[in-house]
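J.: Next come a sequence and a model predicted from it.
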Amino acid sequence: MLVLTTSAFEGLAITTIAAKIAKDMQGIHLYGWIFSAFLLCQLVGTLVMGQQVDRRGVFNSILISFAVFVIGTIIAATSMNMYMLIGGRAFQGFGAGALITCVYVCVTLYYPDTLRTQILAAFSMAFVLPSLIGPYFAGLLASYLSWRFVFWIVIPLIALALLLTYRSFRDLQRNQHIIEEARGVDSRTGQAILLAIGTGLLLTGLGMITSWQGIALSISGFIIMIPFMHKLLPQGTFLIQSGLPATLVTRGLYVACYFATESFVILGLTEMKGVSAETAGLLVAAGSLSWSGAAWLQARLDVKDQGDGRKQRVMYGIGIMIIGVMLVMLALFLTDTGIPLILLSQIIIGFGVGLANPTTAVLALQYAELGKEGKMSANLQFVDSFYVAVSIGVSGSLVALAKTMGWGISTGILMVLTLQLLLVILSFFSSLRITAHTSKSHQPTGQKIDTLPM
């Protein structure tokens, strides 16, 4: 819980102060890269650790994950320019992806399917405290001291998390079914790195698409991306085949919409409406609170119907998100201030994603094979990281394009929110092809737990 709370605090805090960082370092054209560098490296860390946790166990894997995350945090806190900051965010992303993969593996190993929706709902509580204090606290630090303190404050929290959990991870590793063969680096690691490079080239090119260099970078990145996407995503993903592929595509699209909308709503509030960073952060944080409430609701409903209504809950959640995104656009562009409507929209969007997200995770984890829990956990985190990275990266490129063409930042943000609305609508249609995996392919290897306090 503390690992996830720290990660949530860092994510919400950076979302709140990213606009100020970009202004201070004169890098508003690189605004999207504050998030995209983190997310692209998160997908690499996810896949690398997904292999290593199956081969070397949870304990060794989580020590490495903690170390990389802390190194990235120190680099970001001491950065002298936007490029150094982006480099630090890249290390942070790798460490965060690896950490969360380890957490998902523990859920798969330790809890039976009937309890996973409940423990994932419990994890959603990790977002409550950061949502209440994170954005406002980060905004105050950035306004009255320095945004660098937002990075420094994460280090003692993550160190405490390691101190409290290392014995549990060590004990769990003793019961873990570890694959001993093929200790070399899997080809997926190299493929993930090349995919991240290709995606980075594409996003860089899109940000300067009005020049021939931008066109060349975009084409090159796209050519590199496509074959590695095909290799790394489960078979049938491009065709949105029913079952696991449709579940992952659905999840990727609505998660991409949620986080990109959250990031650029803050930019819109500060640049278009003149709202302070701490106030904008609090408005957006309302979505995290309603996410937690919806996550608890879906857990109770899952117990009540024994998982039969999971597909419907995903569809309802995405439908609710569509309404929320439309309200965001209405609040920013068709009202004078729009603050109450922005608050309402964030509550609605957060509730929708909270209803769908733990459910799609459980649907996907049902496909995990014994000894390959890390791979399935990595698939989940890969989808989250990759789709969000591309969505935020393309959105940042749209803002940069609007700036280059002299259209104004409001036009850029309008294009961004239109893109997010299209993504969540596509997610809804993809959810029609979700099917439950009914065969019992995995039993937890840790201590059996029959009940979980609610």
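T.: Yep, it's here.
J.: Would you mark the buried spots in stretch 208-224?
T.: Buried residues in stretch 208-224, counted by 16 or more other CB atoms under 10 Å: 208-209, 214, 217-218, 220-221, 224. Every residue, glycine included, has its C-beta placed from N, CA and C.
J.: can you list contacts of that stretch?
T.: 194-195, 197-207, 397, 400-401, 404-405 (CB atoms under 8 Å, 6 or more residues apart in numbering).
J.: mind redoing it with 7 Å?
T.: Residues outside stretch 208-224 that contact it (CB atoms under 7 Å, 6 or more residues apart in numbering): 194, 197-199, 201-202, 204-206, 401, 404.
J.: Report the distance from that stretch to the chain centre.
T.: 26 Å (CA atoms, centre = their mean, to the nearest Å).
J.: Mind checking the pLDDT average for that stretch?
T.: Averaging pLDDT along stretch 208-224 yields 84.
J.: Tell me which other helices or strands the helix or strand containing residue 360 touches.
T.: Applying DSSP states H and E as the criterion places residue 360 in helix 339-365. If you count contacts as 3 or more CB pairs under 7 Å, 6 or more residues apart in numbering; DSSP states H and E, helix 339-365 packs onto helix 113-124, helix 244-272, helix 277-305, helix 310-333, helix 373-405.
J.: could those helices be laid out in TSV, adding mean pLDDT?
T.: Formatted as TSV, the helices and strands packed on helix 339-365 follow (pLDDT from 0 to 100):
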stretch	mean pLDDT
helix 113-124	70
helix 244-272	87
helix 277-305	81
helix 310-333	92
helix 373-405	77
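J.: Let me have these in TSV, adding distance to residue 3 as columns.
T.: Listed next are the helices and strands packed on helix 339-365 as TSV, based on distance: least, CB to CB, whole Å:
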stretch	distance to residue 3
helix 113-124	10
helix 244-272	19
helix 277-305	17
helix 310-333	25
helix 373-405	14
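J.: Just the buried residues of stretch 415-428, please?
T.: So, applying 16+ other CB under 10 Å, buried residues of stretch 415-428: 415-417, 419-421, 423-428.
J.: List just the one of the helices and strands packed on helix 339-365 that sits closest to residue 143.
T.: Proximity to residue 143 (CB to CB) singles out helix 277-305 among these, at 6.7 Å.
J.: how far out from the middle of the chain is that closest one?
T.: Distance, centroid of helix 277-305 to centroid of chain: 15 Å (CA atoms, centre = their mean).
J.: Next: stretch 44-57.
T.: How far stretch 44-57 lies from its chain's middle: 18 Å, per CA atoms, centre = their mean.
J.: got it, and stretch 254-267?
T.: That offset, for stretch 254-267, works out to 10 Å (CA atoms, centre = their mean).
J.: got the CA coordinates for it in CSV?
T.: C-alpha atoms of stretch 254-267 as CSV (Å, rounded to 0.1, in the frame of the first residue of the first chain):
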residue,chain,number,x,y,z
TYR,A,254,-9.7,4.2,-21.5
VAL,A,255,-6.6,4.4,-19.3
ALA,A,256,-4.9,6.5,-22.0
CYS,A,257,-7.9,8.8,-22.1
TYR,A,258,-8.0,9.2,-18.3
PHE,A,259,-4.4,10.2,-17.7
ALA,A,260,-4.0,12.4,-20.8
THR,A,261,-7.2,14.2,-19.9
GLU,A,262,-6.0,14.7,-16.3
SER,A,263,-2.7,16.0,-17.4
PHE,A,264,-3.9,18.5,-20.0
VAL,A,265,-6.9,19.7,-18.0
ILE,A,266,-4.4,21.1,-15.5
LEU,A,267,-2.6,22.9,-18.4
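J.: before we move on, the earlier item: would you turn the buried residues of stretch 415-428 into a markdown table with secondary structure and pLDDT?
T.: Formatted as a markdown table, those follow (DSSP: H, G, I helix; E, B strand; the rest coil; pLDDT from 0 to 100):
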| residue | secondary structure | pLDDT |
| --- | --- | --- |
| 415 | helix | 93 |
| 416 | helix | 92 |
| 417 | helix | 93 |
| 419 | helix | 94 |
| 420 | helix | 93 |
| 421 | helix | 95 |
| 423 | helix | 95 |
| 424 | helix | 95 |
| 425 | helix | 95 |
| 426 | helix | 95 |
| 427 | helix | 94 |
| 428 | helix | 95 |
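J.: And the pLDDT for residue 23?
T.: pLDDT for residue 23: 78.
J.: Give the helix, strand or coil label for it.
T.: helix (DSSP: H, G, I helix; E, B strand; the rest coil).
J.: separation between it and residue 147?
T.: From residue 23 across to residue 147, the span is 10 Å (CB to CB, to the nearest Å).
J.: So these two - more neighbours on which side?
T.: Just comparing residue 23 and residue 147: by other CB atoms under 10 Å the higher neighbour count belongs to residue 147, 24 against 13.
J.: Okay, the more buried one and residue 22: tell me how far apart.
T.: For residue 147, the distance to residue 22 equals 10 Å [CB to CB].
J.: Who's the closest spatial neighbour of residue 84, skipping the chain neighbours?
T.: Distances taken as CB to CB, 6 or more residues apart in numbering place residue 75 nearest to residue 84, at 6.7 Å, with adjacent residues excluded.
J.: which residues touch the host helix or strand of the one you found?
T.: Per DSSP H and E: residue 75 is located in helix 58-77. Outside helix 58-77, the residues that touch it by CB under 7 Å, 6+ apart are 49, 52-53, 84-85, 87-92, 94-96, 98-99, 102, 105-106, 148, 151-152, 154-155, 158, 162, 169-170, 172-173, 176.
J.: pLDDT (mean, whole number) over that helix?
T.: 88.
J.: Can you name the next helix or strand after it?
T.: helix 82-110.
J.: quick one: buried residues of that next one?
T.: 82, 85-110.
J.: and that helix, how far out from the chain's middle?
T.: 10 Å.
J.: tell me which strands and helices that helix is in contact with?
T.: Going by 3+ CB pairs under 7 Å, 6+ apart, helix 82-110 lies up against helix 2-24, helix 33-56, helix 58-77, helix 113-124, helix 154-175, helix 373-405.
J.: what about 8 Å?
T.: Counting contacts by 3 or more CB pairs under 8 Å, 6 or more residues apart in numbering; DSSP states H and E, helix 82-110 packs against helix 2-24, helix 33-56, helix 58-77, helix 113-124, helix 154-175, helix 339-365, helix 373-405.
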